[in-house]
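Student: Coordinates for the following, if possible.
(chains A and B)
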Amino acid sequence: MSHPEELLAGYADGNLDRHERAMVEAHLVGCDLCTGEIELARRAREALAALPEESVPVGVTGPVLAELYAGASEDREPAPVPPVVSRRGGFPAWVPKALAAAAAIVGLGFFGAYLLPDVGGPSEGPAAVSAAQEAGDGAPAGPDLKVSAPTLEEQNVDYDGASLSELAREVADDPVGWGSRAGDGSGASALECVRQGSSLTESDHAVRLIEATYEGKGVYIGVFLESPTPGAPATKVVIWIVARDGCDLVSYSQQLIR
Amino acid sequence: MDPSDEELVRRFSQGDRASFEELVRRHERRVYNLALRMLGRDEDARDATQDAFLSALRKASSFRGDAAFTTWMHRVTVNACYDMLRKRARGPLLELDSELPLPEPRAGVDPAEVAAAGVDVRRALVQVPEEFRAVLVLHDVQDMAYDDVAAVLGIPVGTVKSRLHRGRVMLARALGHGDTAWEPTERAVPSEGES
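Tutor: Have a look, this model is predicted:
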């Protein structure tokens, strides 16, 4: 007996036209094998449909973004070594060690924290809602955050992945508070250096500028609140780290505001 | 209105890196879930997701826009999964239980039951041969149309339909339904060229 193999999936899916359905039904009357398989197919279909959609674990695409933005500094200074990706590190050989180290903290949930699911649309995510609520008095959280360049904080601190993570969390916990802090403008030249080494947009609002070291290297650390559109409440904290000498990108990280 | 995926690719090709980041943000969940269902193991799904996006990042210039970006991205992801399966072929067997996150509880349903059923399905799914599994995951989990599945996998639509049916039967048997778990039926498994 020949079986209408190609029509059975459509029959189980209920999307055959009337003619095809009649053909399958006529076949099923005399074919126990296909009748049994249709029942099995329906069960499988239901079981698969019931599988929940899983959240993306934190940090999964961190190395992708690191490579994406690492390329930004490579544009100015072409890499002599062709990109070779190692599996665990996930980085081309030419990515600065510090950057690779920063991304290695992915597992700690820092780099990819923004990857948490359902961050929502541009201006209606949970972060946006909570930021707006925290602003109080119906004041829009975004536009009012505009201040001049932040005060340059000279810190005798050698940052690493964990302390950067802490820094990002601190700002993510109180985006409105940090965003409305008035700066004295002393961070202007550091901010310019960060801008050179990064791909900041007008939706990125500088809230902290720190002069410190990162794994022993003299750097400026720029902490920014990023909004989906200029003026909208911030949804992410983004940190750009550039070398004080030359303003090249050293590391890049971000943290979702919850 | 948000720019289309294709528009984002175009902007990225002109040097706007943030456009690619937006593409990652839009697609990471589907890509990760596709990889997770194809590979069964969270660790592998993470690696495949990362590989798929790195591959997309490097190949974005070869995206011609003659297919939807979603189709292209799914194809890149399926290929990353196949690569992972090949690499893993000599590796250790699946260690599912300890790593599978429990599904979110739903109203009126015993969460333990749902979790147990979910684990069973995931375990059964990775027993289905990969060319059938890919069709099952794309169609029954990711809700892609037959035509789109065919475009992603580069096989005729007829082959998609027959693999879908056959894959479902295999899955149900792996779940313990039907008479015996893996007894072959009188029918030959359709081959690649069949449509």
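Student: So the longest helix seen in chain B, near chain A or not?
Tutor: Longest helix of chain B, by residue count under DSSP state H: helix B:17-39. Yes: using CB under 8 Å from any CB of the partner chain, helix B:17-39 reaches chain A at B:17, B:18, B:20, B:21, B:24, B:25, B:28, B:29, B:32, B:33, B:36, B:37. (Each C-beta comes from the backbone N, C-alpha and C, glycine too.)
Student: give me every residue that touches residue A:194.
Tutor: With contacts defined as CB atoms under 8 Å, 6 or more residues apart in numbering or on different chains, residue A:194 is in contact with A:200, A:206, A:209, A:220, A:222, A:240, A:242, A:247.
Student: I'd like the next helix or strand past the helix-or-strand element of chain A with minimal mean pLDDT.
Tutor: Taking mean pLDDT, DSSP states H and E as the measure, chain A has helix A:126-135 as its least confident helix or strand, at a mean of 37. Toward the C-terminus, helix A:126-135 is succeeded by strand A:152-159 as the next helix or strand (DSSP states H and E).
Student: Now the helix or strand that that following strand is followed by: buried residues?
Tutor: Downstream of strand A:152-159, the next assigned helix or strand under DSSP H and E is helix A:161-173. Across helix A:161-173, burial judged by 16 or more other CB atoms under 10 Å in any protein chain shown covers A:161, A:164, A:165, A:167, A:168, A:171, A:172.
Student: which of the residues you listed lies closest to residue B:83?
Tutor: Closest approach to residue B:83 among these (CB to CB): residue A:161, at 29.0 Å.
Student: which residues are contacting the longest helix along chain A?
Tutor: Using DSSP H to define each element, chain A has its longest helix at helix A:32-49. For helix A:32-49, the surrounding residues in contact (CB under 8 Å, 6+ apart) are A:3-4, A:8-9, A:11-13, A:24, A:27-28, B:117, B:121, B:124-125, B:136-137, B:140-141, B:165, B:167-169, B:171-173, B:175, B:177-178, B:185-187.
Student: quick one: average pLDDT of it?
Tutor: Mean pLDDT, computed over helix A:32-49, is 94.
Student: got the angle between it and helix B:17-39?
Tutor: Interaxial angle, helix A:32-49 versus helix B:17-39 (axes from the mean of the first three to the mean of the last three CA atoms, to 10 degrees): 140 degrees.
Student: Would you confirm that residue B:19 contacts residue B:5?
Tutor: No: look at residue B:19 against residue B:5 with CB atoms under 8 Å: they stay out of range, at 9.6 Å.
Student: Is residue A:181 in a helix, a strand, or coil?
Tutor: coil (DSSP: H, G, I helix; E, B strand; the rest coil).
Student: same question, residue B:176
Tutor: coil.
Student: How many residues are close by it?
Tutor: For residue B:176, the tally of surrounding residues (other CB atoms under 10 Å in any protein chain shown) stands at 10.
Student: Give me the phi and psi for it.
Tutor: phi 100, psi 10 (degrees, to the nearest 10).
Student: quick one on the thing from earlier: just the buried residues out of the contacts of helix A:32-49, in PyMOL syntax.
Tutor: Entered in PyMOL, the line below selects the buried ones among these, by 16+ other CB under 10 Å:
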select buried, (chain A and resi 3+4+8+9+11+12+13+24+27+28) or (chain B and resi 117+121+124+125+136+137+140+141+165+167+168+169+171+172+173+175+177+178)
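Student: Among the contacts of helix A:32-49, which ones are in strands?
Tutor: Within those, no residue falls in strands by DSSP state E.
Student: Among the contacts of helix A:32-49, which lie within helices?
Tutor: Using DSSP H, the contacts of helix A:32-49 in helices are A:8-9, A:11-13, A:24, A:27-28, B:117, B:121, B:124-125, B:136, B:165, B:167-169, B:171-173.
Student: how far away is residue B:155 from residue A:187?
Tutor: Counting by CB to CB, to the nearest Å, the gap from residue B:155 to residue A:187 is 57 Å.
Student: the more surrounded of these two?
Tutor: Neighbours per residue, other CB under 10 Å: of residue B:155 and residue A:187, the larger number sits with residue A:187, 24 against 19.
Student: That one touches residue A:154, doesn't it?
Tutor: No: when contacts are counted by CB under 8 Å, residue A:187 is not listed as touching residue A:154 (10.3 Å).
Student: Whichever strand or helix holds residue B:87 vs helix B:17-39, what angle?
Tutor: Using DSSP H and E, residue B:87 sits within helix B:69-88. On the basis of the same axes, to 10 degrees, helix B:69-88 is oriented at 50 degrees to helix B:17-39.
Student: Can you mark which positions in helix B:69-88 are buried?
Tutor: Buried, per 16+ other CB under 10 Å, within helix B:69-88: B:69-78, B:80-81, B:84-85.
Student: Hmm, residue A:249 is touching residue A:221, no?
Tutor: No: between residue A:249 and residue A:221 no contact is recorded; they are 11.9 Å apart, counting by CB under 8 Å.
Student: what's the overlap in contacts for those two?
Tutor: By CB under 8 Å, 6+ apart, residue A:249 and residue A:221 have these common neighbours: A:240, A:241.
Student: low-scoring pLDDT stretches of chain A, where are they?
Tutor: Within chain A, the stretches with pLDDT under 70 are A:1, A:71-148.
Student: domain ranges for it?
Tutor: Structural domains assigned to chain A are A:5-49, A:62-256, following automatic domain parsing.
Student: Domain ranges for chain B, per the record?
Tutor: Split by automatic domain parsing, chain B gives B:1-91, B:111-195.
Student: Averaged over its residues, which helix or strand of chain B has the lowest pLDDT?
Tutor: Lowest on mean pLDDT, DSSP H and E among the helices and strands of chain B sits helix B:111-125, with a mean of 71.
Student: any idea how far the residue nearest to the spatial centre of chain B lies from residue A:188?
Tutor: By CA atoms, centre = their mean, chain B has its centre lying nearest to residue B:34, at 3.1 Å. As judged by CB to CB, residue B:34 and residue A:188 stand 46 Å apart.
Student: Same question for residue A:12.
Tutor: Going from residue A:12 to residue A:188 by CB to CB gives 66 Å.
Student: for residue B:13, same thing?
Tutor: Residue B:13 is 34 Å from residue A:188, by CB to CB.
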